[in-house]
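Asks: Quick one: sequence plus predicted model below, questions after.
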Amino acid sequence: MACRAGRQRDRDRQGSMLLKKLNIAAALVDHGRKNRERKRAFLENGGLVLEKLVASCNGRPIPIRTFSYQQLVLATNNFDHRLILHVNLTYTMYKGSFEGRILSIKMYGLYADRGLSDKDLALMDMGISAKTTAHKNILKLVGCCLETSISSLVFEYAQNGVLFDRISISRRQGKPMLWRSRLKIARQIAHAIAYLHTAFSKPIIHRDIRPRNILLDQHDVPKLTDFSLSISIPEGETHVEDVVRGTVGFLCPSYYSTNRITEKTDVYSFGMVLLQLLIGQHPLESLRENEDQTLEVHLSNRAINEIVDPAILAEEGGAGLEQQLQAVRQLSLTCIEEDPEIRPMMVDVTKEFRRIERFIA
């Protein structure tokens, strides 16, 4: 009996060792397969990335750092959900640490709307970000990872998060943002958009300007981000046509009805952002009690203290503050005029901000 039990233990031990060997072999095969997939992705993405960067930058590729997939895994603690900064329909942004420096890692997810692919979105975002990254109010692209099936992007870290969370009455936590900070953010984002429209031979239209696409660094300096839906107007042309893409509530009505994109498309979206900075909520939410009125009529006919975020009205500012609020309301309403021809160019918007800021010395 003892001899038979010993033989059984030997067989069990051999079976256990065989199982371990099979598991190790399977793991090695899986690891080898994943390595092959990453090498293939690296080669495929490398060509696409180079092509996009050359096309975006007047024939000159802009050198950006490349990160390995393993570096992304280590930087995000294997993409720990607790390190998620924010989630969009098209991507997830993680907080990551590289060599003692905090950065943001943008991982694109599934997207199947109107024929767009994840690679289209990521490549456009990377190409425009690389081209415009020198502007202080555009989120700086640091590099990318080519080993993922869709190129992952690495950006500078914006410590103070998304503008939407800082100005939304419904999400407000802690001390409200001061009016002078809101005005500075609006002016600097206006400069960034004007830069997109005027600094290149082919004007860049962002096409999705909204508070969720404006990040704030540790000093509340705004950073425009997410160029995945951006489009350029051909040289010598005033517009380009494309299917409607963007965010409901910030979409230019004339673009929605004609598929025609101009610089005034971004002006309309900026006007809606400016109103949200003033009101503390999406402008259309303020229409709930007056649904029979247009937004322009609703905001024009009411006293300024009836529409402005109460937190702003609680500040000390006197007549100068009221003048600024009135002027910003008028500017924003001009930006969202139904007729694009009436809307100002973004360069003129930046000039108007300089005039408005003089109301309070």
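Replies: That came in fine, so what should we check first?
Asks: switch to C-alpha atoms for all contacts and neighbour counts from now on
Replies: OK.
Asks: So M126: helix, strand or coil?
Replies: Assigned by DSSP: H, G, I helix; E, B strand; the rest coil, the conformation of M126 is helix.
Asks: oh, I was asking about A311
Replies: With three-state DSSP as the criterion, A311 reads helix.
Asks: That one reaches G174, doesn't it?
Replies: No. The criterion here is C-alpha atoms under 8 Å, and A311 misses it with G174 at 11.7 Å.
Asks: residue ranges for the helices of the stretch 201-350 of the chain, please.
Replies: When assigned using DSSP state H, counting those that start in this stretch, the helices of the stretch 201-350 of the chain occupy the ranges 253-258, 263-279, 295-301, 304-307, 310-313, 318-335, 346-357.
Asks: wait, which of those helices is closest to D165?
Replies: Nearest of these to D165, taken as C-alpha to C-alpha: helix 263-279 at 11.3 Å.
Asks: Packing partners of that closest one?
Replies: Packing contacts for helix 263-279, counted by 3 or more C-alpha pairs under 8 Å, 6 or more residues apart in numbering; DSSP states H and E, involve helix 179-198, strand 204-205, helix 318-335.
Asks: Packed most tightly, which of those would that be?
Replies: Per-residue neighbour counts averaged over each of the helices and strands packed on helix 263-279 give the maximum for strand 204-205, namely a mean of 26 (mean count of other C-alpha atoms under 10 Å).
Asks: follow-up on the earlier one: any chance of TSV for the helices and strands packed on helix 263-279, columns mean pLDDT?
Replies: Putting the helices and strands packed on helix 263-279 into TSV (pLDDT from 0 to 100) gives the following:
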stretch	mean pLDDT
helix 179-198	97
strand 204-205	97
helix 318-335	92
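Asks: would you turn these into TSV with distance to S97?
Replies: Putting the helices and strands packed on helix 263-279 into TSV (distance: least, C-alpha to C-alpha, whole Å) gives the following:
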stretch	distance to S97
helix 179-198	27
strand 204-205	32
helix 318-335	39
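Asks: Of all those, which one is nearest R212?
Replies: When the helices and strands packed on helix 263-279 are ranked by distance to R212, counting by C-alpha to C-alpha, first place goes to helix 179-198 at 13.0 Å.
Asks: And for that closest one, what's in contact with it?
Replies: The set of residues that contact helix 179-198 without belonging to it, under C-alpha atoms under 8 Å, 6 or more residues apart in numbering, is 132, 135, 137-138, 203-206, 220-224, 263, 266, 270, 274, 277, 312, 346-347, 349-350, 353.
Asks: need the contact list for the residue nearest to T132 when sequence neighbours are not counted.
Replies: Taking C-alpha to C-alpha, 6 or more residues apart in numbering as the measure, T132 lies nearest to I138, with 7.0 Å between them; neighbours along the chain are not counted. Applying C-alpha under 8 Å, 6+ apart to I138 gives the contacts S129, T132, A192, P222, K223, L224, T225.
Asks: Closest one to T76 out of these, please.
Replies: Closest approach to T76 among the contacts of I138 (C-alpha to C-alpha): T225, at 20.7 Å.
Asks: what about the closest one, distance to G249?
Replies: T225 sits 18 Å away from G249 when distances are taken as C-alpha to C-alpha, to the nearest Å.
Asks: swap in G96?
Replies: 32 Å.
Asks: Out of the two, name the residue with the larger neighbour count.
Replies: Using other C-alpha atoms under 10 Å as the criterion, G96 and G249 rank with G96 on top: 25 against 13.
Asks: mind showing which ranges of the chain have poor pLDDT?
Replies: Scanning the chain for pLDDT under 70 picks out 1-63, 110-116, 287-292, 360-361.
Asks: how does it look with 50?
Replies: With pLDDT under 50 as the threshold, the chain has low-confidence stretches at 15, 18-19, 21-22, 24-32, 42-43, 112-114.
Asks: Domains in it, by residue range?
Replies: Taking automatic domain parsing as the domain assignment, the record places the domains of the chain at 65-156, 163-357.
Asks: Just the endpoints, please. Distance across the shortest one?
Replies: Pointing back at domain 65-156 there. Its first and final residues considered, domain 65-156 spans 13 Å by C-alpha to C-alpha.
Asks: can you put the helices of the stretch 201-350 of the chain in a markdown table and add distance to M124?
Replies: Conversion of these to a markdown table gives the following (distance: least, C-alpha to C-alpha, whole Å):
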| stretch | distance to M124 |
| --- | --- |
| helix 253-258 | 20 |
| helix 263-279 | 17 |
| helix 295-301 | 33 |
| helix 304-307 | 38 |
| helix 310-313 | 38 |
| helix 318-335 | 27 |
| helix 346-357 | 23 |
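Asks: Most tightly packed of these?
Replies: Neighbour counts (mean count of other C-alpha under 10 Å) averaged over each of these peak at helix 263-279, with a mean of 26.
Asks: and that helix with helix 346-357, angle?
Replies: When axes from the mean of the first three to the mean of the last three C-alpha atoms, to 10 degrees is applied, the directions of helix 263-279 and helix 346-357 differ by 20 degrees.
Asks: Next, give phi and psi for T66.
Replies: In terms of degrees, to the nearest 10, the main-chain angles of T66 are phi -110, psi 140.
Asks: That one: how many residues sit nearby?
Replies: 15.
Asks: any idea how far F155 is from it?
Replies: Counting by C-alpha to C-alpha, the gap from T66 to F155 is 12 Å.
Asks: Residues that sit against both of these two, list them.
Replies: Counting by C-alpha under 8 Å, 6+ apart, the common neighbours of T66 and F155 are G143.
Asks: Let me see the ranges of the strands in this structure.
Replies: Taking DSSP state E to define them, one finds strands in the chain at 65-66, 84-87, 91-98, 101-108, 141-145, 152-156, 204-205, 214-216, 222-224, 231-232, 240-241, 260-261.
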